[in-house]
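**Q** Next one to model:
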Amino acid sequence: MKNRIQTFLRERDIREMMAKNGYGLQQIIEEMLKIGYKGLQLPERIAEKIDKYYTPEEIDYIRNLSKKGIQISFHHDQHNTNLAQKEKIYLVNAKRSIDRAVALRSDYIVFHLGFVDFDEKPYNTPEVLEEGRKNLVRNLDYLIKYATKRDIDLTVENNHKEEYEYVRNTKKIDCETEDFEYLRDELEKKGKVIKINYDTGHGFIQGAWVVKDKRDIKSMVEAAKKFAFSFVDRLGKNIYATHISDNTLTSHDDHMIVGDGIAPIKLTLEKMIESGYQGNFLYELHLESWLDKYKGKSILEIYKIAYERLLKMLEKIA
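**A** Residues are numbered from 1 along each chain as shown. Next comes the predicted model:
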(Lines give C-alpha, C1' and ligand atoms only; values in the text may rest on other atoms or scores of the structure.)
Protein backbone atom coordinates (compact mmCIF):
# COMPACT_ATOMS: atom_id res chain seq x y z
CA MET A 1 0.00 0.00 0.00
CA LYS A 2 2.84 2.41 0.72
CA ASN A 3 3.67 2.63 -2.98
CA ARG A 4 0.21 4.09 -3.69
CA ILE A 5 0.25 7.02 -1.23
CA GLN A 6 0.67 10.40 -2.89
CA THR A 7 -0.05 14.03 -2.06
CA PHE A 8 -1.21 17.26 -3.62
CA LEU A 9 1.58 19.84 -3.33
CA ARG A 10 -0.27 23.12 -2.88
CA GLU A 11 1.33 26.37 -3.97
CA ARG A 12 0.61 27.93 -0.57
CA ASP A 13 2.61 25.21 1.20
CA ILE A 14 5.42 25.51 -1.33
CA ARG A 15 5.66 29.26 -0.79
CA GLU A 16 5.68 28.87 2.99
CA MET A 17 8.44 26.27 2.93
CA MET A 18 10.44 28.52 0.63
CA ALA A 19 10.01 31.44 3.00
CA LYS A 20 10.51 29.65 6.34
CA ASN A 21 13.01 26.96 5.38
CA GLY A 22 14.79 28.55 2.44
CA TYR A 23 13.97 25.52 0.31
CA GLY A 24 13.82 25.51 -3.46
CA LEU A 25 11.15 23.52 -5.26
CA GLN A 26 13.45 20.55 -5.84
CA GLN A 27 14.38 20.33 -2.16
CA ILE A 28 10.71 20.51 -1.14
CA ILE A 29 9.88 17.62 -3.45
CA GLU A 30 12.85 15.61 -2.21
CA GLU A 31 11.71 16.10 1.39
CA MET A 32 8.23 14.86 0.47
CA LEU A 33 9.71 11.79 -1.19
CA LYS A 34 11.82 11.10 1.92
CA ILE A 35 8.62 10.99 3.96
CA GLY A 36 7.44 8.21 1.67
CA TYR A 37 5.07 9.81 -0.83
CA LYS A 38 5.30 8.05 -4.19
CA GLY A 39 3.57 10.67 -6.29
CA LEU A 40 2.85 14.38 -6.36
CA GLN A 41 -0.01 16.41 -7.80
CA LEU A 42 0.95 19.89 -8.90
CA PRO A 43 -1.41 22.86 -9.14
CA GLU A 44 -1.68 24.75 -12.40
CA ARG A 45 -0.45 27.90 -10.70
CA ILE A 46 3.00 26.33 -10.53
CA ALA A 47 3.01 26.13 -14.31
CA GLU A 48 1.72 29.68 -14.59
CA LYS A 49 4.64 30.99 -12.54
CA ILE A 50 7.48 28.81 -13.71
CA ASP A 51 9.56 31.73 -14.96
CA LYS A 52 8.99 33.75 -11.79
CA TYR A 53 9.54 31.20 -9.03
CA TYR A 54 11.23 28.10 -10.40
CA THR A 55 14.51 27.57 -12.17
CA PRO A 56 14.89 25.56 -15.40
CA GLU A 57 16.82 22.98 -13.38
CA GLU A 58 13.89 22.55 -10.98
CA ILE A 59 11.45 22.06 -13.84
CA ASP A 60 13.74 19.50 -15.47
CA TYR A 61 13.89 17.72 -12.12
CA ILE A 62 10.08 17.44 -12.07
CA ARG A 63 10.02 16.19 -15.65
CA ASN A 64 12.46 13.42 -14.81
CA LEU A 65 10.76 12.16 -11.64
CA SER A 66 8.92 9.46 -13.56
CA LYS A 67 12.27 7.81 -14.24
CA LYS A 68 12.52 7.31 -10.47
CA GLY A 69 9.10 5.67 -10.26
CA ILE A 70 7.36 8.82 -9.00
CA GLN A 71 3.99 9.63 -10.54
CA ILE A 72 3.30 13.26 -11.42
CA SER A 73 -0.25 14.50 -11.91
CA PHE A 74 -1.65 17.96 -12.55
CA HIS A 75 -4.70 19.85 -11.27
CA HIS A 76 -6.14 22.47 -13.56
CA ASP A 77 -7.11 25.94 -12.34
CA GLN A 78 -10.85 25.52 -11.83
CA HIS A 79 -11.41 29.27 -11.81
CA ASN A 80 -10.76 29.72 -15.52
CA THR A 81 -12.61 26.70 -16.93
CA ASN A 82 -16.31 25.84 -16.87
CA LEU A 83 -16.99 22.90 -19.15
CA ALA A 84 -20.75 23.10 -18.60
CA GLN A 85 -20.78 26.31 -20.66
CA LYS A 86 -20.58 26.58 -24.45
CA GLU A 87 -18.20 29.56 -24.68
CA LYS A 88 -15.05 28.55 -26.57
CA ILE A 89 -12.75 30.38 -24.16
CA TYR A 90 -13.27 27.56 -21.66
CA LEU A 91 -12.06 24.99 -24.17
CA VAL A 92 -9.06 27.17 -24.96
CA ASN A 93 -8.22 27.39 -21.26
CA ALA A 94 -8.69 23.64 -20.80
CA LYS A 95 -6.38 22.85 -23.72
CA ARG A 96 -3.77 25.19 -22.26
CA SER A 97 -4.04 23.31 -18.95
CA ILE A 98 -3.48 20.00 -20.72
CA ASP A 99 -0.47 21.41 -22.58
CA ARG A 100 1.04 22.62 -19.30
CA ALA A 101 0.50 19.20 -17.73
CA VAL A 102 2.17 17.53 -20.70
CA ALA A 103 5.11 19.94 -20.45
CA LEU A 104 5.71 18.66 -16.90
CA ARG A 105 5.33 15.04 -18.10
CA SER A 106 2.28 14.43 -15.95
CA ASP A 107 0.56 11.06 -16.15
CA TYR A 108 -2.90 12.56 -15.79
CA ILE A 109 -4.75 15.83 -15.29
CA VAL A 110 -7.73 16.54 -13.01
CA PHE A 111 -10.61 18.78 -14.10
CA HIS A 112 -13.58 20.17 -12.21
CA LEU A 113 -16.58 20.18 -14.52
CA GLY A 114 -18.35 23.41 -13.66
CA PHE A 115 -21.87 24.74 -13.18
CA VAL A 116 -24.82 26.14 -15.07
CA ASP A 117 -26.27 29.64 -14.65
CA PHE A 118 -29.99 30.14 -14.39
CA ASP A 119 -30.09 33.92 -14.85
CA GLU A 120 -33.70 34.96 -14.42
CA LYS A 121 -35.15 31.50 -15.00
CA PRO A 122 -36.63 29.44 -12.15
CA TYR A 123 -34.17 27.35 -10.20
CA ASN A 124 -33.63 23.81 -11.51
CA THR A 125 -35.14 24.48 -14.92
CA PRO A 126 -34.81 21.10 -16.72
CA GLU A 127 -33.97 22.73 -20.06
CA VAL A 128 -31.05 24.65 -18.55
CA LEU A 129 -29.69 21.57 -16.81
CA GLU A 130 -29.95 19.53 -20.00
CA GLU A 131 -28.11 22.20 -21.96
CA GLY A 132 -25.30 22.17 -19.38
CA ARG A 133 -25.03 18.40 -19.52
CA LYS A 134 -24.85 18.43 -23.31
CA ASN A 135 -22.11 21.06 -23.13
CA LEU A 136 -20.19 18.80 -20.76
CA VAL A 137 -20.45 15.79 -23.05
CA ARG A 138 -19.40 17.78 -26.11
CA ASN A 139 -16.47 19.45 -24.36
CA LEU A 140 -15.26 16.27 -22.65
CA ASP A 141 -15.48 14.30 -25.89
CA TYR A 142 -13.20 16.86 -27.52
CA LEU A 143 -10.78 17.19 -24.57
CA ILE A 144 -10.40 13.44 -23.98
CA LYS A 145 -9.39 13.08 -27.62
CA TYR A 146 -7.03 16.06 -27.29
CA ALA A 147 -5.41 14.60 -24.17
CA THR A 148 -5.14 11.08 -25.57
CA LYS A 149 -3.19 12.37 -28.57
CA ARG A 150 -0.72 13.89 -26.11
CA ASP A 151 -0.37 10.68 -24.09
CA ILE A 152 -2.00 11.98 -20.92
CA ASP A 153 -5.13 10.77 -19.14
CA LEU A 154 -7.94 13.22 -18.43
CA THR A 155 -9.89 12.73 -15.20
CA VAL A 156 -12.92 14.56 -13.82
CA GLU A 157 -13.54 15.22 -10.14
CA ASN A 158 -16.77 14.90 -8.20
CA ASN A 159 -17.79 18.04 -6.31
CA HIS A 160 -20.33 18.95 -3.61
CA LYS A 161 -23.16 21.39 -3.19
CA GLU A 162 -22.56 24.69 -1.48
CA GLU A 163 -24.80 27.25 0.15
CA TYR A 164 -23.93 29.94 -2.41
CA GLU A 165 -25.69 28.03 -5.18
CA TYR A 166 -29.03 29.13 -3.81
CA VAL A 167 -27.90 32.73 -3.58
CA ARG A 168 -26.11 33.08 -6.92
CA ASN A 169 -28.72 31.19 -8.93
CA THR A 170 -26.26 28.57 -10.14
CA LYS A 171 -26.12 24.81 -9.91
CA LYS A 172 -23.13 22.52 -10.05
CA ILE A 173 -23.71 19.47 -12.19
CA ASP A 174 -20.78 17.40 -10.96
CA CYS A 175 -22.04 16.44 -7.50
CA GLU A 176 -24.64 13.70 -7.80
CA THR A 177 -23.86 10.12 -8.75
CA GLU A 178 -26.43 10.50 -11.52
CA ASP A 179 -24.39 13.34 -13.05
CA PHE A 180 -21.46 10.98 -13.61
CA GLU A 181 -23.62 8.09 -14.76
CA TYR A 182 -25.06 10.39 -17.41
CA LEU A 183 -21.57 11.43 -18.56
CA ARG A 184 -20.37 7.81 -18.55
CA ASP A 185 -23.26 6.62 -20.68
CA GLU A 186 -23.18 9.51 -23.16
CA LEU A 187 -19.41 9.36 -23.62
CA GLU A 188 -19.55 5.59 -24.11
CA LYS A 189 -21.84 6.23 -27.07
CA LYS A 190 -18.99 8.28 -28.55
CA GLY A 191 -16.40 5.60 -27.82
CA LYS A 192 -14.90 7.45 -24.85
CA VAL A 193 -14.36 6.30 -21.26
CA ILE A 194 -14.86 8.71 -18.38
CA LYS A 195 -12.11 8.50 -15.76
CA ILE A 196 -13.09 9.82 -12.36
CA ASN A 197 -10.87 11.41 -9.74
CA TYR A 198 -12.97 10.51 -6.70
CA ASP A 199 -12.68 13.12 -3.93
CA THR A 200 -13.69 11.42 -0.67
CA GLY A 201 -14.25 14.73 1.15
CA HIS A 202 -16.56 16.04 -1.55
CA GLY A 203 -18.50 12.78 -1.56
CA PHE A 204 -18.93 12.83 2.22
CA ILE A 205 -20.24 16.40 2.20
CA GLN A 206 -22.60 15.65 -0.68
CA GLY A 207 -23.99 12.67 1.21
CA ALA A 208 -24.36 14.46 4.54
CA TRP A 209 -26.09 17.38 2.80
CA VAL A 210 -29.46 15.62 3.00
CA VAL A 211 -29.47 15.64 6.81
CA LYS A 212 -31.33 18.73 7.97
CA ASP A 213 -30.21 18.69 11.60
CA LYS A 214 -26.45 19.24 11.49
CA ARG A 215 -26.26 18.33 15.18
CA ASP A 216 -27.30 14.77 14.32
CA ILE A 217 -23.77 13.48 13.81
CA LYS A 218 -24.77 9.81 13.62
CA SER A 219 -27.21 10.46 10.76
CA MET A 220 -24.67 12.64 8.92
CA VAL A 221 -21.99 9.96 9.11
CA GLU A 222 -24.45 7.32 7.90
CA ALA A 223 -25.59 9.55 5.01
CA ALA A 224 -21.97 10.22 4.02
CA LYS A 225 -21.23 6.51 4.03
CA LYS A 226 -24.36 5.73 2.01
CA PHE A 227 -23.39 8.21 -0.71
CA ALA A 228 -19.79 6.98 -0.91
CA PHE A 229 -20.78 3.31 -1.07
CA SER A 230 -23.42 3.99 -3.72
CA PHE A 231 -20.94 5.95 -5.84
CA VAL A 232 -18.40 3.11 -5.67
CA ASP A 233 -21.04 0.47 -6.44
CA ARG A 234 -22.35 2.35 -9.46
CA LEU A 235 -19.18 3.96 -10.82
CA GLY A 236 -16.30 2.06 -9.23
CA LYS A 237 -15.02 0.78 -12.58
CA ASN A 238 -14.53 4.38 -13.70
CA ILE A 239 -12.61 5.58 -10.62
CA TYR A 240 -9.08 6.20 -11.86
CA ALA A 241 -7.54 8.27 -9.03
CA THR A 242 -8.43 9.92 -5.74
CA HIS A 243 -8.27 12.94 -3.48
CA ILE A 244 -8.19 11.71 0.11
CA SER A 245 -9.15 13.81 3.13
CA ASP A 246 -11.26 13.72 6.25
CA ASN A 247 -13.76 16.41 7.26
CA THR A 248 -16.47 17.50 9.68
CA LEU A 249 -19.31 16.82 7.19
CA THR A 250 -20.37 20.45 7.02
CA SER A 251 -20.70 22.36 3.74
CA HIS A 252 -17.11 23.52 4.28
CA ASP A 253 -14.51 21.18 2.79
CA ASP A 254 -12.01 20.85 5.65
CA HIS A 255 -9.35 18.76 3.86
CA MET A 256 -8.16 17.14 7.11
CA ILE A 257 -5.68 14.38 7.80
CA VAL A 258 -7.48 11.04 8.04
CA GLY A 259 -8.65 10.51 11.60
CA ASP A 260 -9.00 14.19 12.43
CA GLY A 261 -12.60 14.44 11.25
CA ILE A 262 -15.72 12.33 11.63
CA ALA A 263 -16.17 11.11 8.05
CA PRO A 264 -16.31 7.34 7.39
CA ILE A 265 -13.00 7.43 5.53
CA LYS A 266 -11.72 3.99 6.56
CA LEU A 267 -14.94 2.25 5.54
CA THR A 268 -14.94 4.07 2.21
CA LEU A 269 -11.34 3.17 1.36
CA GLU A 270 -12.07 -0.41 2.36
CA LYS A 271 -15.09 -0.42 0.05
CA MET A 272 -13.00 0.94 -2.84
CA ILE A 273 -10.26 -1.64 -2.35
CA GLU A 274 -12.79 -4.49 -2.12
CA SER A 275 -14.37 -3.27 -5.36
CA GLY A 276 -11.03 -3.67 -7.14
CA TYR A 277 -9.70 -0.11 -7.11
CA GLN A 278 -6.05 -0.12 -8.25
CA GLY A 279 -5.19 3.59 -8.31
CA ASN A 280 -3.47 5.98 -5.95
CA PHE A 281 -4.47 7.33 -2.55
CA LEU A 282 -3.60 10.98 -2.97
CA TYR A 283 -3.93 13.39 -0.05
CA GLU A 284 -5.39 16.84 -0.65
CA LEU A 285 -4.76 18.73 2.58
CA HIS A 286 -5.54 22.38 3.36
CA LEU A 287 -3.24 22.96 6.30
CA GLU A 288 -4.20 26.60 6.83
CA SER A 289 -7.76 25.59 7.76
CA TRP A 290 -6.76 23.72 10.92
CA LEU A 291 -3.07 24.44 11.54
CA ASP A 292 -3.71 25.26 15.21
CA LYS A 293 -4.21 21.55 15.90
CA TYR A 294 -0.55 20.99 15.02
CA LYS A 295 0.80 24.20 16.47
CA GLY A 296 4.58 24.25 16.64
CA LYS A 297 5.05 21.66 13.92
CA SER A 298 6.44 22.44 10.49
CA ILE A 299 4.56 21.72 7.27
CA LEU A 300 6.86 18.80 6.56
CA GLU A 301 6.24 17.36 10.03
CA ILE A 302 2.49 17.59 9.44
CA TYR A 303 2.79 15.89 6.05
CA LYS A 304 4.76 13.11 7.75
CA ILE A 305 2.02 12.63 10.35
CA ALA A 306 -0.52 12.53 7.53
CA TYR A 307 1.48 9.94 5.59
CA GLU A 308 2.01 7.66 8.57
CA ARG A 309 -1.65 7.81 9.58
CA LEU A 310 -2.92 6.98 6.08
CA LEU A 311 -0.37 4.17 5.69
CA LYS A 312 -1.45 2.67 9.00
CA MET A 313 -5.10 2.83 7.95
CA LEU A 314 -4.44 1.23 4.55
CA GLU A 315 -2.32 -1.55 6.09
CA LYS A 316 -5.16 -2.39 8.49
CA ILE A 317 -7.57 -2.55 5.56
CA ALA A 318 -5.21 -4.76 3.56
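**Q** Validate this expectation: M272 resides in a helix.
**A** Yes: counting by DSSP: H, G, I helix; E, B strand; the rest coil, M272 is found in a helix.
**Q** got the phi/psi numbers for the residue nearest to it when sequence neighbours are not counted?
**A** Of all residues not flanking M272 in the chain, V232 sits nearest, at 5.6 Å (C-beta to C-beta, 6 or more residues apart in numbering). Heads up, the C-betas are built off the backbone N, CA and C, glycines and all. V232 adopts backbone torsions of phi -70, psi -40, taken as degrees, to the nearest 10.
**Q** how much space between V232 and K266?
**A** Per C-beta to C-beta, to the nearest Å, V232 is found 14 Å from K266.
**Q** Same check on K190?
**A** Per C-beta to C-beta, K190 is found 37 Å from K266.
**Q** who's more crowded, those two?
**A** Between K190 and K266, K266 has the larger neighbour count (other C-beta atoms under 10 Å), namely 15 against 12.
**Q** neighbouring contacts of the helix or strand that one falls within?
**A** Element membership for K266 (DSSP states H and E) is helix 265-274. Outside helix 265-274, the residues that touch it by C-beta atoms under 8 Å, 6 or more residues apart in numbering are 198, 200, 203-204, 225, 228-229, 232, 236, 239, 242, 244, 246, 258-259, 281, 313-314, 316-318.
**Q** Of those, grab the buried ones for ChimeraX.
**A** Buried members of those, defined by 16 or more other C-beta atoms under 10 Å, are picked up in ChimeraX with:
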select :198,200,203,204,225,228,229,232,236,239,242,244,246,258,259,281,313,314
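**Q** Mark which of the contacts of helix 265-274 are part of helices, please.
**A** Of the contacts of helix 265-274, the ones assigned to helices by DSSP state H are T200, G203, F204, K225, A228, F229, V232, M313, L314, K316, I317.
**Q** residues contacting E176?
**A** By C-beta under 8 Å, 6+ apart, E176 lies in contact with Q206.
**Q** And the longest helix along the chain, what does it pack against?
**A** Secondary structure assigned by DSSP H gives helix 126-149 as the longest helix of the chain. Under the contact definition 3 or more C-beta pairs under 8 Å, 6 or more residues apart in numbering; DSSP states H and E, helix 126-149 sits against helix 88-103, strand 115-117, strand 153-157, helix 177-189.
**Q** Ok, which of these comes nearest Y277?
**A** strand 153-157 (13.6 Å; C-beta to C-beta).
**Q** What strands line up against that closest one, and which way round?
**A** As defined by DSSP bridges, the strand partners of strand 153-157 come to strand 108-112 (parallel), strand 196-199 (parallel).
**Q** chain center to stretch 284-302: distance?
**A** The chain centre lies 19 Å from the centre of stretch 284-302; the measure is C-alpha atoms, centre = their mean, to the nearest Å.
**Q** Likewise for stretch 246-266?
**A** 15 Å.
**Q** again, but for stretch 19-30
**A** 24 Å.
**Q** With stretch 191-202 instead?
**A** From the chain centre to the centre of stretch 191-202 is a distance of 9 Å (C-alpha atoms, centre = their mean).
**Q** Quick one: end-to-end distance for it.
**A** 28 Å (C-alpha to C-alpha, to the nearest Å).
**Q** Could you list the low-pLDDT ranges of the stretch 51-200 of the chain?
**A** Scanning the stretch 51-200 of the chain for pLDDT under 70 picks out the ranges 51-54, 117-125, 162-171.
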